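J.: Starting from these lines, generate the structure:
(chains A and B)
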Number of protein chains: 2
Amino acid sequence: MKRTKVIDALKSVEYGKDINVKGWVRSHRSSKAVDFIALNDGSTINSIQIVVDPSVMDEEQLKSITTGACIGVDGIVVESQGTGQTVEIQCKNIVIYGLCPSDYPMQKKGQSFEYMRKYAHLRLRTNTFGAVFRIRHNMAIAVHKYFHDHGFFYFNTPLITASDCEGAGEMFQVTTKNLYNLEKDEDGKIKYDDDFFGKMTSLTVSGQLEGELGATALGSIYTFGPTFRAENSNTPRHLAEFWMIEPEVAFLEQEGLMDLEEDFIKYCIRWALDNCKDDLAFLNNMIDKGLIERLEGVLKQDFVRLPYTEGIKILEEAVAKGHKFENPVSWGIDLASEHERFLVEEHFKKPVIMTDYPKEIKAFYMKINEDDKTVQGTDVLFPQIGEIIGGSVREENYDKLVGEIERRQIPMKDMWWYLDTRKYGSCPHAGFGLGFERLILFVTGMQNIRDVIPFPRTPKTAEF
Amino acid sequence: MKRTKVIDALKSVEYGKDINVKGWVRSHRSSKAVDFIALNDGSTINSIQIVVDPSVMDEEQLKSITTGACIGVDGIVVESQGTGQTVEIQCKNIVIYGLCPSDYPMQKKGQSFEYMRKYAHLRLRTNTFGAVFRIRHNMAIAVHKYFHDHGFFYFNTPLITASDCEGAGEMFQVTTKNLYNLEKDEDGKIKYDDDFFGKMTSLTVSGQLEGELGATALGSIYTFGPTFRAENSNTPRHLAEFWMIEPEVAFLEQEGLMDLEEDFIKYCIRWALDNCKDDLAFLNNMIDKGLIERLEGVLKQDFVRLPYTEGIKILEEAVAKGHKFENPVSWGIDLASEHERFLVEEHFKKPVIMTDYPKEIKAFYMKINEDDKTVQGTDVLFPQIGEIIGGSVREENYDKLVGEIERRQIPMKDMWWYLDTRKYGSCPHAGFGLGFERLILFVTGMQNIRDVIPFPRTPKTAEF
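T.: Numbering: from 1, shown residues only, chains lettered A, B, ... in the order given. Predicted coordinates:
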């Protein structure tokens, strides 16, 4: 008989119909007359109740079906006698696929997230992580659907790169060289002409520069792939390997960019609310009581659009009124998390798109305003999370861009292709980057970024 | 005035309406009375014709708008006088965003693909590569839509890994160590405890093993991300960095796996035929006259399901009848490309799913048949491409799996988590891997895999 997934079985209303379900045992309670097995197959947070008359199988065998065991059940759909579900299955036959020894690490409920990280392969079978990763899937689908429906093309930029022009962070070196036999040249420099790519290569910190190559040809593109930072940051907000979404759009200017950022992120959150109801209800109940309200809150409000200079004024006024920040506030600083959170959570009480940052604290490719002091950045600041999007209009003027690259002494040798976009038919364009795991943190209410990616890579950790 | 994309402008039938389009000049022809500019913005293979009365702008300025220049046009939608398009634009005003110097590398038509690879950032602006990368986008959307609609969850497996258990290929080392100062232990071995992850790490050759962890918890998952092979293969079929799709499904057995493979790949091809008509028509016309017919052919036929042993018999019979192969045929060999193509293109004249391979030529994790000689592999062989999918049922029996790992002397130290899936609630499961670029080759009719990924990584090449 063909298997029915639990998510579909629970929607069945054809009482009396034969059904087959397969999955893992979440719990098994026995009484004299009847056994109850809660069976889950990962398709939904909800388990289906299997009602077992002990006469259907050998007593010892039935007892061996403990939490974590994998079984298949043939039975009949019946109306549930208990509360909660409307459907349960009256068991006719059980097939045991795999028993579960009593040292099963996910045996006990209420283990800490830190403990569960050590068993990242098995935590996937718990309610919390099932919910998190089903939501993560849905957010990825929302990303692709949004951009596809808006005429963007998914554009795969390379992960192995010979350039580090953005300087966005420390990089991992990629090599096939035999480290026991590193040949050096006359100046004592390691020779890379015999490395796989014939030069020194690293893992990318951003696909943006290559994304711009796509946008200035295909019009609107987005990347969505892994990105790497070799920073020794052991925080609940940093991963060495994370997923980034980087749309880049020709003929887009600052207002349009902010519209895109706000529309996109609201679309993703709406998608979660519409498509992940059960998982969100579970997380709202178990992890973060304010979760759904916060998600709905974001949808109701227009984001504040706040020039950096105005933001500094608000912070300075707060200081004048006695608010204490750990980090001093003055025009030109890179805002600290406490500053961002004050603006978002205390002052405006809604998301803020901060614009027109001092050029000295931003990257070389951002379009310089006429004041020659600020650039057309458009970062989105969120409650709880802080910066969730970093965006900007890109400098499309060849001379200005080269001037900025020279002023910052960025090595130009590997940059000819980037400059070509400004040399041949240059166009105004803009884009942003969103760290996918930051979005998942916001949408799930989880507190540690290691708990929203299946197998986190962090300093000293590359298990699984 | 709000910009209209060329793809939408071409569908406009509101003659007399004001319109604004922006894009890059594909060609500019002048006559005494009127200029014609073909404008393309990457949204479609088709350009829109801009009809310019030379009086609308300074003569020198108008002349400066050459192939590759980027402009914005305000005008009126009019019925086209020429053939082909139904719509053109009567120009009222032109804004020049970026001119294009005469050394523009994509100036001339009919450049070789090899030449264009050197300008991978600018080839994106040509008809051929525009078509290829719009189709690539559409194939990615088809992948996500197929799996989402079928209840699979997108599962992001790690790229940096400390294990190389599959042994699928040579690996790239990933390190933050200072190669000028490599400390060694007493045995002369390089110490990795001070490397970023505290051990030696590499780039993954497959997400399958981690994918199985997802499937045995969430039921049905798929990966779709970059994968790496450090093989020194300079062929039109190999990349050092490529994208792989790896679904993995709990409770799936061999027949169901073959159904999934065939249904999935037909869905993708149907998606291309339904959603990429103009781009396919262009490629069919310019690159491969048999393309559309071949794509439609795949949809019409049931794939042959052929046990390896039967396949060998067919090949041996062909040899007996005088067919010459370069590589000898006998039971136990790993089929060469010429053998696969004979079966697919000459003998059956349709795609073949080959099953039940000798275990010695397949990976350790494949489920062993009762004959103890063959394993439940299910590879899909395609015309032109050869092996496009590699799939198998996975061995779910703990003892058999461990036996095979020991027999093959695969180091077990980093494998505890993989074995745990067979220890705790083991379930039958199966999955496959599809190289995304192989699919794009088939769907576009392109001949070289370097031409279906934006910025190819191959031996000695990591430009852009």
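J.: which SS state does residue A:353 fall under?
T.: Three-state assignment for residue A:353 (DSSP: H, G, I helix; E, B strand; the rest coil): strand.
J.: no, scratch that, I was asking about residue A:21
T.: Using three-state DSSP, the structure places residue A:21 in strand.
J.: and the gap between it and residue B:253?
T.: 16 Å (Cβ to Cβ, to the nearest Å). For the C-beta atoms, the positions are set from N, CA and C on the backbone; glycine is no exception.
J.: Between these two, tell me which one has more neighbours.
T.: More crowded of residue A:21 and residue B:253, by other Cβ atoms under 10 Å in any protein chain shown: residue A:21, with 25 against 14.
J.: Tell me where the stretch 1-150 of chain A has strands.
T.: A:18-30, A:35-40, A:48-52, A:70-79, A:87-98 (DSSP state E, counting those that start in this stretch).
J.: between these, which gets nearest to chain B?
T.: Set against chain B and scored by Cβ to the nearest Cβ, those come closest in strand A:87-98, at 3.1 Å.
J.: Show me which residues of that closest one are buried.
T.: Of the residues in strand A:87-98, those buried under the neighbour-count criterion (16 or more other Cβ atoms under 10 Å in any protein chain shown) are A:87-91, A:94, A:97-98.
J.: Same check on stretch A:436-451?
T.: Judged by neighbour count (16+ other Cβ under 10 Å), stretch A:436-451 contains these buried residues: A:436-446, A:449-451.
J.: Can you tell me what sits against that stretch?
T.: By Cβ atoms under 8 Å, 6 or more residues apart in numbering or on different chains, the list of residues contacting stretch A:436-451 from outside reads A:113, A:117, A:129, A:131-132, A:135-136, A:139-140, A:143, A:224, A:236-239, A:242-245, A:265, A:268-269, A:272, A:283-284, A:287-288, A:290-291, A:294-295, A:382, A:384-385, A:388, A:452-453, A:456, A:458.
J.: Which parts of the stretch 101-250 of chain A are helices?
T.: Defined through DSSP state H, counting those that start in this stretch, the helices belonging to the stretch 101-250 of chain A, from first to last, are A:113-117, A:120-123, A:127-149, A:208-218.
J.: what packs against the shortest one?
T.: The reference is to helix A:120-123. Other helices and strands packing on helix A:120-123, by 3 or more Cβ pairs under 8 Å, 6 or more residues apart in numbering or on different chains; DSSP states H and E, are helix A:113-117, helix B:208-218, helix B:416-423.
J.: what does stretch A:51-59 contact?
T.: By Cβ under 8 Å, 6+ apart, the residues outside stretch A:51-59 that reach it are A:30, A:33-37, A:62, A:78, A:88-94.
J.: and stretch A:64-78, how far apart are its ends?
T.: Using Cα to Cα, to the nearest Å, one end of stretch A:64-78 lies 25 Å from the other.
J.: ugh, wrong one, I meant stretch A:180-199
T.: Here stretch A:180-199 reaches across 18 Å from its first residue to its last, counting by Cα to Cα.
J.: With stretch A:456-464 instead?
T.: End-to-end distance of stretch A:456-464: 9 Å, with Cα to Cα as the criterion.
J.: Can you tell me what sits against it?
T.: The contact list for stretch A:456-464 (Cβ under 8 Å, 6+ apart) reads A:117-118, A:120-121, A:232-234, A:238-241, A:449-450, A:454-455, B:158, B:160-162, B:196-199, B:201, B:210, B:213, B:417.
J.: how far out from the middle of the chain is it?
T.: Centroid displacement of stretch A:456-464 relative to its chain, using Cα atoms, centre = their mean, to the nearest Å, is 17 Å.
J.: how about that stretch: buried residues?
T.: By neighbour count, with 16+ other Cβ under 10 Å as the criterion, the buried positions of stretch A:456-464 are A:456-459, A:461-464.
J.: Max pairwise distance over those: which two?
T.: When Cβ to Cβ is used, the two most widely separated members of these are A:459 and A:464, lying 16.1 Å apart.
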